[in-house]
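[1] coordinates only, sequence not included:
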Ligand code: PLP
């Protein structure tokens, strides 16, 4: 077969874009070469519906070993009692959990998307808001912190069957014990979606949801630095027989209900090439090298937050406990949309983001979200964060000055040339 040069030229172009720029999108990271190698391996050829050693296809003896290693490493990394490594993405992991524990029309309580939550936590444009009846809690306007009082009030009033915590744009830690206590008052289940901070949680830099939340989901490609994908886990509640009764009256363990909700509930064949890449990434995340990395992610986020505040930028909640921060640009007289476009011209990639109580639409927004997971993988340290904040500030102040943005782009490219993506 002739090599498809059109696509490979575009892949090379994308590699150059990643190589040259400062990547501040909080949900992105750069995987290791071995993770990428596994993701592009012959395993993509294999069908393996079912679970290890219980498949609907022949020839699965090798992928059975690989998937078992991935499961065991995920359990070790998060100190989980049970894991399913098959979800194709974070949204798929959440879809499986909701299918497993809810009936259509059941009430759910999630963190408001416009305050930093995720689409799959009840947004009306997502299956989670269409098939179930969503209620929301948000942050306090003054502090930017989760309004736990509101969470409790809505939970006690509406009695949702499931409470979801976790976020896409929240820079502080969560009080999982409090949320579980609220859930216990109404007999609700708790799902913690730790997609963003899972790497920090795995290595003990943030509170652990597994002792408190019935089910935990995560993506594998953000701070965890694995291939794009999802993961579902259970901790302390694994042993609880709070499963469904089968027609014969037997209690089914929730883990088995969750397994069935992934396949055949919401997915077909698992992506064994991605599962192999997940296994490698989990192994990497257990290493001392990753520990140094994730500690640096947090140090860099703190350094960046301090530098932004020193330049008069308003951070929601005033700072960060994790790898990201949400910047409210209202006082800087620039929209999130224009900020994203301007920084893009200087090869600094961010995403526009609604801020809590935003008066602008999601297409314009008043803020941007930035994170340090990717640039830390490039080897950048605290002193570089100060430099990056200077570059951001210069670009935003001079957003109409094309020649200055061009100069800033050269500075960005020179900085990143010192930190090659794949040496
Ligand atoms: N959950 C949260 C909290 C997220 O931030 C994201 C992605 O940004 C997802 C779920 C969905 O992950 P995916 O894009 O892999 O479906």
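    The structure has been received and is ready for your questions. If you're wondering where the values come from, they're calculated on a predicted model, not measured in any experiment.
[2] Least confident secondary structure element in this protein?
    The helix or strand of the chain with the poorest confidence is helix 254-260; it has a mean of 91 (mean pLDDT, DSSP states H and E).
[3] just checking, what packs against the helix or strand just after that helix?
    Helices and strands here follow DSSP states H and E; after helix 254-260, the next one along the chain is helix 272-285. Using 3 or more Cβ pairs under 8 Å, 6 or more residues apart in numbering; DSSP states H and E as the contact criterion, the neighbours of helix 272-285 among helices and strands are helix 33-39, helix 61-78. (Each C-beta comes from the backbone N, C-alpha and C, glycine too.)
[4] Of the ones you listed, flag the one that's most buried.
    Scoring the helices and strands packed on helix 272-285 by mean neighbour count under mean count of other Cβ atoms under 10 Å gives helix 61-78 as the most buried, with a mean of 20.
[5] need the residues of the stretch 151-300 of the chain near the ligand, please.
    The interface of the stretch 151-300 of the chain toward the ligand, taken as Cβ under 6 Å from any ligand atom, is made up of 166-168, 193, 195-196, 219, 230.
[6] Just give the nearest non-adjacent residue to the residue in the chain that the ligand sits nearest to, would you?
    Nearest to the ligand in the chain, going by Cβ to the nearest ligand atom, is residue 90, at a distance of 2.5 Å. With Cβ to Cβ, 6 or more residues apart in numbering as the measure, residue 219 is the residue that lies nearest to residue 90, at 3.7 Å, once sequence neighbours are left out.
[7] What of residue 209?
    Taking Cβ to Cβ, 6+ apart as the measure, residue 209 lies nearest to residue 192, with 3.7 Å between them; neighbours along the chain are not counted.
[8] how about the helices and strands packed on helix 272-285, which one is nearest residue 7?
    Each of the helices and strands packed on helix 272-285 was scored for nearness to residue 7 using Cβ to Cβ, and the closest is helix 33-39 (16.4 Å).
[9] what's next to the closest one, contact-wise?
    If you take Cβ atoms under 8 Å, 6 or more residues apart in numbering as the criterion, helix 33-39 is touched by 31, 225-227, 273-274, 276-277, 279-281, 284, 422.
[10] hmm, back to that, nearest to residue 363, of the residues of the stretch 151-300 of the chain next to the ligand?
    For these, the nearest to residue 363 is residue 168 (16.9 Å; Cβ to Cβ).
[11] Double-check that that closest one belongs to a strand.
    No: with DSSP: H, G, I helix; E, B strand; the rest coil as the criterion, residue 168 is located in coil rather than a strand.
[12] Might you report the residue contacts of it?
    Residues touching residue 168, when contacts are defined by Cβ under 8 Å, 6+ apart, comprise 27, 116-118, 195-196, 369.
[13] Compute the number of surrounding residues for residue 163.
    For residue 163, the neighbour count with other Cβ atoms under 10 Å is 27.
[14] To clarify, my last question referred to residue 46.
    Here the neighbour count serves as a burial measure; for residue 46 (other Cβ under 10 Å) it reads 18.
[15] do the same with residue 404
    Residue 404 is surrounded by 16 other residues when neighbours are defined as other Cβ under 10 Å.
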